[in-house]
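Peer 1: test case, fold it:
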Amino acid sequence: MIIKQLINKEEAWPDFLNFCLRSKPYKAFCSGSRNMRVNAVKRYFDAFCTDCDVYSCGAGYVFSKEEEYYNHIEFLFGQPSYSSHKKVEAFHNIMDHIYSINKKYFKSEIRRTFKVNFYKKWIDRYDKRAIILNNKDETVLWYNQEKMNKTLKVVGTNDVSSHLQDKTATYEIISVEAGSNPCVSQLIIDDKAYLFDGKRVTLHEDHCLIEGMISDDSSFVASIALEFQP
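Peer 2: Down below sits the predicted model:
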């Protein structure tokens, strides 16, 4: 696939419009009036084009903005005539191209309001580089290479959890929700299951920290920090 950075960003408009009218990712695109739907889509398109560089790669488009520590993907979408595997391959090719230029990892949020759970399942099934943090911002991060096993490294412990330092934690879903309503995930470390109550996500220059409390089915409770390493 040939990667192209669009100098004339309007080249992406027909495909962007077609995708948004068909997929309806935002509530503003669900109006009963076609003219109102098109106008809403154009407002989003113009806002993304103002802030982002736009890349195409045959099966997909990526709207990306370089931040201090990471590349922020504001929007991406695939062409309907391509398979899910080809769309994800196009996204990865574009990310690899951008990474080769600035060496920054990728971060986004799930802003979709229509079929959001279906979309999360689609990411989990087809995008083996992605990790979805189920925090209030619905953060998505991407590894620099495909990782079939979802893993994080234990990089911060206290006296109680020090035996877990530098261990690898595998997971299915990571939930992070500060406040009074716990959002608990399961971690496996050395073949033992733990519950992880994620509290905070912090983005750094070359990694992301996920902090919270870990416990088992007995009396073990301790603070811990997990590292996402792109």
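Peer 1: what about the helices in the protein?
Peer 2: When assigned using DSSP state H, the helices of the chain occupy the ranges 13-23, 34-51, 84-102, 116-126.
Peer 1: count of neighbours near Cys57?
Peer 2: Counted by other Cβ atoms under 10 Å, the residues lying close to Cys57 total 23. All C-beta atoms are positioned from the backbone trio N, CA, C, and that covers glycine.
Peer 1: just name the most buried of the helices of the chain.
Peer 2: helix 84-102 (a mean of 18; mean count of other Cβ atoms under 10 Å).
Peer 1: mean confidence score for that one?
Peer 2: Per-residue pLDDT values across helix 84-102 average out to 96.
Peer 1: and for stretch 45-58?
Peer 2: Mean per-residue pLDDT for stretch 45-58: 96.
Peer 1: follow-up on the earlier one: save the helices of the chain as JSON lines, and put in distance to Asn158 too.
Peer 2: Output for the helices of the chain, formatted as JSON lines (distance: least, Cβ to Cβ, whole Å):
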{"stretch": "helix 13-23", "distance to Asn158": "45"}
{"stretch": "helix 34-51", "distance to Asn158": "41"}
{"stretch": "helix 84-102", "distance to Asn158": "35"}
{"stretch": "helix 116-126", "distance to Asn158": "32"}
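Peer 1: other residues contacting the lengthiest strand in the chain?
Peer 2: Using DSSP state E to define each element, the chain has its longest strand at strand 192-203. Where contact means Cβ atoms under 8 Å, 6 or more residues apart in numbering, the residues beyond strand 192-203 that reach it are 69-70, 107, 133, 135, 137, 139, 169, 171, 174-178, 182-188, 208-217, 224, 226.
Peer 1: lowest-confidence helix or strand of this structure?
Peer 2: strand 174-175 (a mean of 82; mean pLDDT, DSSP states H and E).
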